[in-house]
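# Please find the sequence and the predicted model below.
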Amino acid sequence: MAAARTVVPQRTWGNAPRLVFLVLIGWLLGASAAEPVESPPRQTAFDDNNYRPREIVNRLPPPPVTTATRSTRRPTAKSVTRSAKWSWQSRQTVERGTFQWRERDGRIDYASVCMNEKTGSLRYRECRKGAKPAFARLCKSGRNPAACHAQNNYSPLR
């Protein structure tokens with residue numbers, strides 16, 4: 001007996017090959033019709049007479065000039081100089097004295113602590129060491145609220 005053949009219908013594309021052909025022809029004709037733009041020949045030899053630097057391409061304009069006006073500035077805060085007593089136990093003796101500091105906006109300027117002593121002297125160092133417990137005393141007594149901040153943040157070593 002002869003084997004039965006199965007016939008698979010082939011897909012017909014209809015106009016697809018013709019469409020592909022027309023697109024390909026149009027592309028080829030369009031590409032040949034457009035002639036490439038000729039750029040000037042690239043300079044390969046340089047000397048003092050023929051060197052031309054390239055133009056700057058990515059150039060930003062300078063920022064606009066603005067002048068600061070006095071109305072935008074914050075008014076300067078009033079600076080207050082205060083003083084208090086300090087004491088510090090050194091190896092042999094107890095050092096005592098009065099120290100001064102400057103306050104601005106309710107904050108102590110830590111660099112100005114012991115500004116009445118000569119910077120770098122032994123007395124100045126003892127004064128700065130004694131200032132920390134003095135700030136703690138002032139905070140506990142409630143006489144100076146800025147001293148409470150200095151009690152925690154002031155360092156005599158700075």
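That came in fine, so what should we check first?
# only C-alpha atoms for contact and neighbour calcs from this point on.
OK.
# which stretch of helix or strand covers the residue nearest the centre of the chain?
Most central in the chain under C-alpha atoms, centre = their mean is Pro63, positioned 18.9 Å from the mean C-alpha point. Pro63 belongs to no helix or strand when assigned by DSSP states H and E.
# What are the buried residues along the helix or strand hosting Phe21?
Element membership for Phe21, per DSSP H and E: helix 16-33. Within helix 16-33, no residue counts as buried by 16 or more other C-alpha atoms under 10 Å.
# and that helix, average pLDDT?
Averaged over helix 16-33, pLDDT sits at 74.
# Tell me which residues of the helix or strand immediately after that helix in the chain come out buried.
Note on helix 16-33: by DSSP H and E, the next helix or strand toward the C-terminus is strand 79-89. Neighbour counts over strand 79-89 (16+ other C-alpha under 10 Å) mark Trp86, Ser87, Trp88 as buried.
# the bottom helix or strand of the chain by mean pLDDT?
helix 16-33 (a mean of 74; mean pLDDT, DSSP states H and E).
# Poorly predicted segments of this protein, please.
Applying pLDDT under 70 to the chain picks out residues 1-14, 30-37, 68-75, 158.
# which secondary structure elements does the biggest helix by length in it contact?
Assignment by DSSP state H gives helix 122-141 as the longest helix of the chain. Helix 122-141 sits against strand 79-89, strand 94-104, helix 145-153, with contacts defined as 3 or more C-alpha pairs under 8 Å, 6 or more residues apart in numbering; DSSP states H and E.
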